[in-house]
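**Q** Sequence and predicted structure below; questions after.
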Amino acid sequence: ATTAAEPAADYAAVRLFAERARAVEPGFTVGAHNAEHVVRICRELDGMPLALELAAARVRAMPVAHLAARLSDRFRLLTNGNRFALPQHQTLQAVVDWSWELLDSAERTLLHRLSVFAGGATLDAVEHMWFPDADGGRDVWSVLFALVDKSLVSTDVADAGGAPRYRMLETVRAYGAQRLAESGEEPAVRRAHADYTLGLCSRADPHLRGPEQLDWLELLRLEHDNLTAALRWAIDSGDLRCALDLLHASCWYWQMGNSWSDLVRWCGELLRAAGGRPPKGRTFAYALCLAIHSAGTDFTDREISAKGLLRAEELLTESGGRPEDHPGLLQPAILLGMLGYDRCERIARLDRTAADQADPWMRAAARLFGGLLALHTGSGGKGRDRVLEALRMFRAIGDRWGTAHALTVAAGLCRFTDLERELDLLKEGDALAGEIGLSAMRAQFAVRRAMTLAEAGRIDAARSAIHEARALTADSDTRLLC
């Protein structure tokens, strides 16, 4: 704790805030008790000197913890903080107003539209928000580059393999959001943003289950804040079809990207908003939502979980679908089997999927989950064959996620016959999980290695693996399937 404050003091913005705060509150210091809040204030205000001075002037009337928590309303909060300042410098609003007044109509339009992008925007995304016929015929590039030249938009070329990404300081984005609300076009702009995000997730989804998955996963991680912003708008505005479409298209991203608990939470929000009934034309997406929520939040109570999962399957049947039709529904299907619901029938269904699905990834996944259920029912030989076949299939596809999950099971098959082979498989799986960034799965691999090493009498190595697992668990959020 000493020194949560020491790194903070190295930043010029923190030093400026502390200096200005002492001018109104002489005893003010940055220490372990408030460093986190001061850093948050400096970050939220983008280190802008005037904004920091206005915020520091509020320290006399409001503790920094409360000040940090209320910066979402920064233009109201940071007003008339210094009575000795020039009138145009007495409010943060006035400073950004001054920049706004220097823009032409097209620049103002693009600036307030770009405020919907919570995580920055690619050039394609910027173009999607521009309508030449309705926007004066100006080329969006010239308008965007004018905003960059005026330092209202910044360019980050480090993301997405060097492709430019355009961002705004949070203060400028908050101001743009105000102007967007005043413009009368906010619903249309938010919808355009959601449509763009949906299209991107839909294009990315199949690539997440193949050799290109790392590139596409990284791209979606860059768009994560935009995805959550689009979901938030769709739910809050009552556009449940759009929200379900977004969740359907991004489901596999959430599941494989260390974001399982967030996915379960979004599913819960959508189910509450829908009121227990799927919107017309969205039965499949609603069933997916119900199945994931039941497998997550409710799985601690088997009876409640099974009820939700069975209801999801019933809805799928009514709409002419099957759990085997979507990657995100394979896990709920196997959970029902493990809970004792029609295990043999489910194994047979998974075998049929492994034989007749056009998608090679779905065939491999069905083979793996069929093997897991077979092992669960005591059919060791048949289960082993299915798991090893699935491992070969996932390796051939080049899917790291599927290969890593198959390796967790395949390693267990060597548990009592070949400890060195088990360690090799666990090591391979850990490397693949590390490439994807699956800390929870890596923690599982570490625990499994510790058990095997201990059994082999390698106690120091086992302790080291346990320490590794503990460190990884602190950053874990992925639901493990195997």
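**A** Received it, and whenever you're ready, just let me know what you need. Numbering: from 1, shown residues only.

**Q** When you work out contacts or count neighbours from here on, use the C-alpha atoms and nothing else.
**A** Fine.

**Q** any weak-confidence spans in the stretch 51-200 of the chain?
**A** Per-residue confidence of the stretch 51-200 of the chain (counting by pLDDT under 70) places the weak regions at 71-92, 132-136, 158-162.

**Q** Residue 337 and residue 375, how far apart?
**A** 12 Å (C-alpha to C-alpha, to the nearest Å).

**Q** who's more crowded, the two?
**A** The neighbour comparison of residue 337 against residue 375 (other C-alpha atoms under 10 Å) goes to residue 337, with 23 against 19.

**Q** where does the more buried one land in three-state SS?
**A** Three-state assignment for residue 337 (DSSP: H, G, I helix; E, B strand; the rest coil): helix.

**Q** from memory it sits against residue 349, does it?
**A** No. Counting by C-alpha atoms under 8 Å, residue 337 sits too far from residue 349 to count as a contact (11.3 Å).

**Q** hey, what's in contact with both of those two?
**A** Common neighbours of residue 337 and residue 349 are not found (criterion: C-alpha atoms under 8 Å, 6 or more residues apart in numbering).

**Q** Backbone dihedrals for the closest residue to residue 397 other than its chain neighbours, please?
**A** Counting by C-alpha to C-alpha, 6 or more residues apart in numbering, the nearest residue to residue 397 once its immediate chain neighbours are dropped is residue 210, at 5.8 Å. Backbone torsions of residue 210, given as degrees, to the nearest 10, read phi -170, psi -170.

**Q** Let the chain start at 49 from now.
**A** Sure thing, new numbering starts at 49, so read that last one as residue 258.

**Q** I'd like to know how many residues surround residue 258.
**A** By other C-alpha under 10 Å, 20 other residues sit near residue 258.

**Q** how close does it sit to residue 304?
**A** Counting by C-alpha to C-alpha - residue 258 and residue 304 are separated by 13 Å.

**Q** Tell me where the stretch 49-198 of the chain has helices.
**A** With DSSP state H, counting those that start in this stretch as the criterion, the stretch 49-198 of the chain has helices at 53-56, 60-72, 83-92, 97-104, 112-117, 122-125, 140-149, 153-162, 171-176, 188-197.

**Q** between these, which one is nearest to residue 466?
**A** Nearest to residue 466, of all the helices of the stretch 49-198 of the chain, is helix 53-56, at 48.8 Å by C-alpha to C-alpha.

**Q** avg pLDDT for that closest one?
**A** When pLDDT is averaged along helix 53-56, the result is 62.

**Q** Can you spell out which helices and strands pack onto the helix or strand harbouring residue 203?
**A** Using DSSP states H and E, residue 203 sits within strand 202-204. If contacts are counted by 3 or more C-alpha pairs under 8 Å, 6 or more residues apart in numbering; DSSP states H and E, strand 202-204 sits against strand 213-215.

**Q** Can you give the strand pairings for the strand it packs on, parallel or anti for each?
**A** strand 169-170 (antiparallel), strand 202-204 (antiparallel) (DSSP bridges).

**Q** what does the longest one rub up against?
**A** Right, the one you point to is strand 202-204. With C-alpha under 8 Å, 6+ apart, strand 202-204 has contacts from 196, 212, 213, 214, 215, 216.

**Q** The residue nearest to residue 445 and residue 447 touch, don't they?
**A** Yes. When contacts are counted by C-alpha under 8 Å, residue 258 is listed as touching residue 447 (4.6 Å).

**Q** Please enumerate the helices of the stretch 199-348 of the chain.
**A** With DSSP H, counting those that start in this stretch as the criterion, the stretch 199-348 of the chain has helices spanning 218-231, 234-252, 261-270, 272-284, 288-304, 308-322, 331-344.

**Q** Pick the most buried one from these.
**A** helix 331-344 (a mean of 26; mean count of other C-alpha atoms under 10 Å).

**Q** Next SSE downstream of that helix?
**A** helix 350-366.

**Q** any idea how far that next one is from the chain center?
**A** Offset of helix 350-366 from its chain centre (C-alpha atoms, centre = their mean, to the nearest Å): 26 Å.

**Q** quick one: contacts for residue 169?
**A** Counting by C-alpha under 8 Å, 6+ apart, residue 169 touches 162, 213, 214, 215.

**Q** Against residue 189, how distant is it?
**A** The value you get for residue 169 to residue 189, if C-alpha to C-alpha is used, is 13 Å.

**Q** got it, and residue 344?
**A** Taken as C-alpha to C-alpha, the span from residue 344 to residue 189 is 45 Å.

**Q** just residue 435 next, same as before
**A** In terms of C-alpha to C-alpha, residue 435 sits 52 Å off from residue 189.

**Q** What of residue 350?
**A** 55 Å.

**Q** ok, residue 521 touching residue 493?
**A** No. If you go by C-alpha under 8 Å, residue 521 and residue 493 don't touch, sitting 11.4 Å apart.

**Q** quick one: which of these two has more around it?
**A** It is residue 493, of residue 521 and residue 493, that has more neighbours when counted by other C-alpha under 10 Å, with 28 against 16.

**Q** And the next helix or strand past the helix or strand that the more buried one is a member of?
**A** Remark: residue 493 resides in helix 487-503, with elements defined by DSSP H and E. Note on helix 487-503: by DSSP H and E, the next helix or strand toward the C-terminus is helix 507-521.

**Q** Can you give me the buried ones in that next one?
**A** 510, 511, 513, 514, 515, 516, 517, 520, 521 (16 or more other C-alpha atoms under 10 Å).

**Q** Send me it as CSV with only the CA atoms.
**A** This file holds the C-alpha atoms of helix 507-521, laid out as CSV (Å, rounded to 0.1, in the frame of the first residue of the first chain):
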residue,chain,number,x,y,z
ILE,A,507,7.5,-31.7,-5.3
ASP,A,508,9.4,-28.5,-5.9
ALA,A,509,8.1,-28.4,-9.5
ALA,A,510,4.6,-29.1,-8.3
ARG,A,511,4.7,-26.2,-5.8
SER,A,512,5.9,-23.9,-8.6
ALA,A,513,2.9,-25.0,-10.7
ILE,A,514,0.5,-24.3,-7.9
HIS,A,515,1.9,-20.8,-7.5
GLU,A,516,1.5,-20.2,-11.2
ALA,A,517,-2.2,-21.4,-11.0
ARG,A,518,-2.9,-19.0,-8.1
ALA,A,519,-1.4,-16.0,-10.1
LEU,A,520,-3.5,-17.0,-13.2
THR,A,521,-6.7,-17.4,-11.2
